[in-house]
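Chemist: can't give you the sequence, but here's the structure:
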């Protein structure tokens, strides 16, 4: 039995971080921690222990998939649920992300007013939320 | 309930402000995208093409999230064309057309 209190939003695009933070905070009432790279995400995930991580797939240097792999390697972050966020979603890619262990995928562009509900639905469907 | 309605109303106001600010920057982002696409078209190098694909991809995700749906869809179309070009197809006409549509707000 848990609910989302804190989200780690990881995206190299500042405009996405800004609107995502607004949506998650103002609409969803969640606490939000922001990371602009995979390396920063690894550090903040271990430090902040968010309830869920929203992880952009396509980022320079360390992309979302590599970040996810490294999160899973670290005992402090291996159990943290991850939702991939991507603008390039095809069914087989969604399937691949789920098979890797992500709890869901959110497509960009997203509706800021609906984003918290979409995230909560994924979280609960994955058995992370209130039963 | 009242508080929830007030929260959503506050969020909508904030969203509208953010949208306005993004709209002011959108022209600059489209200029950058156009420069990258034209450079890729001129140079025909994998590096220049990859940069243009990345810029189109980012704009496709961002513009739509700020409510600039037509520009976002045109950028997504541009990204698809650029990826096909990277795969060896000659889609420059479609790519440049998508770039123009992004400039015109999808029209």
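Modeler: Now that the structure is in, tell me what you want to look at. The structure displayed is predicted, hence computed values, not measured ones.
Chemist: switch to C-alpha atoms for all contacts and neighbour counts from now on
Modeler: OK.
Chemist: following element in sequence after the longest helix anywhere in chain B, please.
Modeler: Determined from DSSP state H, the single longest helix within chain B is helix B:2-43. On the C-terminal side of helix B:2-43, the closest following helix or strand by DSSP states H and E is helix B:46-65.
Chemist: pull the distance from that next one to the chain's centre.
Modeler: Distance of helix B:46-65 from the chain centroid (CA atoms, centre = their mean, to the nearest Å) equals 7 Å.
Chemist: and stretch B:18-34, by the same measure?
Modeler: Mean-position distance between stretch B:18-34 and its chain equals 9 Å (CA atoms, centre = their mean).
Chemist: buried set for that stretch?
Modeler: Residues B:18-19, B:22-23, B:26, B:29-30, B:33-34 are the ones in stretch B:18-34 that count as buried (16 or more other CA atoms under 10 Å in any protein chain shown).
Chemist: now distance to residue A:70 and pLDDT too, for those residues, in CSV please.
Modeler: Output for the buried residues of stretch B:18-34, formatted as CSV (distance: CA to CA, whole Å; pLDDT from 0 to 100):
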residue, distance to residue A:70, pLDDT
B:18, 33, 96
B:19, 35, 95
B:22, 33, 96
B:23, 36, 95
B:26, 35, 94
B:29, 32, 93
B:30, 35, 94
B:33, 32, 95
B:34, 36, 95
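Chemist: out of the residues you listed, which touch chain A?
Modeler: Restricting the buried residues of stretch B:18-34 to those near chain A by CA under 8 Å from any CA of the partner chain leaves B:18, B:22.
Chemist: need the buried residues of stretch B:18-34 in TSV with distance to residue A:120, can you?
Modeler: As requested, the buried residues of stretch B:18-34 are exported to TSV (distance: CA to CA, whole Å):
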residue	distance to residue A:120
B:18	24
B:19	24
B:22	27
B:23	29
B:26	31
B:29	32
B:30	34
B:33	34
B:34	38
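Chemist: now the two most distant members of the buried residues of stretch B:18-34.
Modeler: Within the buried residues of stretch B:18-34, two members stand farthest from each other by CA to CA: B:18 and B:34, at 23.7 Å.
Chemist: hmm, back to that, any idea of the angle the longest helix of chain B forms with helix B:46-65?
Modeler: Counting by axes from the mean of the first three to the mean of the last three CA atoms, to 10 degrees, helix B:2-43 lies at 160 degrees to helix B:46-65.
Chemist: name the SS class of the spatially most central residue of chain A, please.
Modeler: Note on chain A: the residue nearest the mean C-alpha position is residue A:54, at 1.1 Å, using CA atoms, centre = their mean. Following DSSP: H, G, I helix; E, B strand; the rest coil, residue A:54 is assigned to strand.
Chemist: ok, it touching residue A:68?
Modeler: No: using CA atoms under 8 Å, residue A:54 is not in contact with residue A:68, being 10.6 Å away.
Chemist: that's all I had, so thanks and see you.
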